[in-house]
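> this is a predicted model, with the sequence first.
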Amino acid sequence: TSSKDHAGGEIWTPEKKVLSHNNFYEFGTAKTDPKENSQQFQVEPWTLTITGEVEKPITLGYDDLFKIADLEERIYRMRCVEAWSMVIPWVGFSLSALIKKANPTSRAKYVAFETLHDPKQMPGQASSYLGGNLDWPYVEGLRMDEAMHPLTTVVTGLYNKELPNQNGAPLRIFIPWKYGFKSAKAIVKIKLVEKMPTSSWMWAS
């Protein structure tokens, strides 16, 4: 059944649909591949590093990911470049809270995100056929002002539950005003840089 967002009145997409219809090419290009191929994916232990143009590089373990800031429910619509969308009750916190802990320098103009590269666990990385011929690991980026916007979210859960593997566990980024491909999943590296990072889709085009 669907629920309603008390703030905007939009109908939430049923949880079952959100968990079964995904783009996550690391696990395959078909919409059902991520759920089918990610159930044995191991998110513990996990390491996230924040480096680059920062005064205090940071390394976080799995448990640390949930202690950066108070977790809150944020109901946003995710839009796909393929012309479908979902209204999802995300759980997480502003990315800015995480970046601020590393004390960015004045040279930090962009934020680059890099996802896990593990072909043994991610069949789409092991096979060009399954993975859509992308170069791995997956890389995406934002301007610094976009990354520091309060609505740009580090997502650690959905529907008041921990983030499922097929949706980008243990953490992903979500930017409400951008298409879903900008929202990198299973992130292991965040790097603040002076020049615009080359995203995986830019390499592919």
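Perfect, I can see it now.

> straight-line length of stretch 103-122, end to end?
33 Å (Cα to Cα, to the nearest Å).

> count the neighbours of the residue lying closest to residue 71 once chain neighbours are set aside for me.
Sequence neighbours aside, residue 91 is the residue nearest to residue 71 in space, at 5.5 Å (criterion: Cβ to Cβ, 6 or more residues apart in numbering). In this view, the C-beta of every residue, glycine as well, is placed from N, C-alpha and C. The burial count assigned to residue 91 is 20, neighbours taken as other Cβ atoms under 10 Å.

> now residue 91: phi and psi?
Main-chain torsions, residue 91, degrees, to the nearest 10: phi -120, psi 130.

> I figured it was touching residue 164, is that so?
No. Residue 91 lies out of contact with residue 164 (Cβ atoms under 8 Å); the separation is 11.7 Å.

> the spatially most central residue of the chain and residue 61, how far apart?
Residue closest to the mean C-alpha point of the chain, counted by Cα atoms, centre = their mean, is residue 172 at 2.2 Å. According to Cβ to Cβ, to the nearest Å, residue 172 and residue 61 sit 17 Å apart.

> same question for residue 111.
Applying Cβ to Cβ, the value for residue 111 to residue 61 is 21 Å.

> who has more neighbours, those two?
Per other Cβ under 10 Å, whichever of residue 111 and residue 61 has more neighbours is residue 111, with 26 against 11.

> list phi and psi for the more buried one.
phi -120, psi 120.

> same question for residue 119.
With angles defined as degrees, to the nearest 10, residue 119 sits at phi -60, psi -20.

> does the nearest residue in space to residue 57 that is not next to it in sequence lie in a helix or a strand, and which?
Once flanking residues are discounted, residue 57 sits nearest to residue 51: 4.8 Å by Cβ to Cβ, 6+ apart. Assigned by DSSP states H and E, residue 51 belongs to strand 47-52.

> the helix or strand just after that strand pairs with which strands, parallel or anti?
Downstream of strand 47-52, the first helix or strand assigned by DSSP H and E is strand 58-61. In the sheet, strand 58-61 lines up against strand 47-52 (antiparallel) (DSSP bridges).

> just grab the bridge partners of residue 60 for me.
residue 48.

> can you list contacts of the helix or strand hosting residue 192?
Under the criterion of DSSP H and E, residue 192 resides in strand 187-193. Residues outside strand 187-193 that contact it (Cβ atoms under 8 Å, 6 or more residues apart in numbering) are 46-54, 98-99, 102, 104-105, 108-116, 137, 141, 144, 171-173, 197.

> where does this protein dip in pLDDT?
Residues of the chain meeting the criterion pLDDT under 70: 1-9, 203-205.

> neighbours around the closest residue to residue 194 other than its chain neighbours, how many?
Once flanking residues are discounted, residue 194 sits nearest to residue 107: 4.9 Å by Cβ to Cβ, 6+ apart. Residue 107 is flanked by 12 other residues according to other Cβ under 10 Å.
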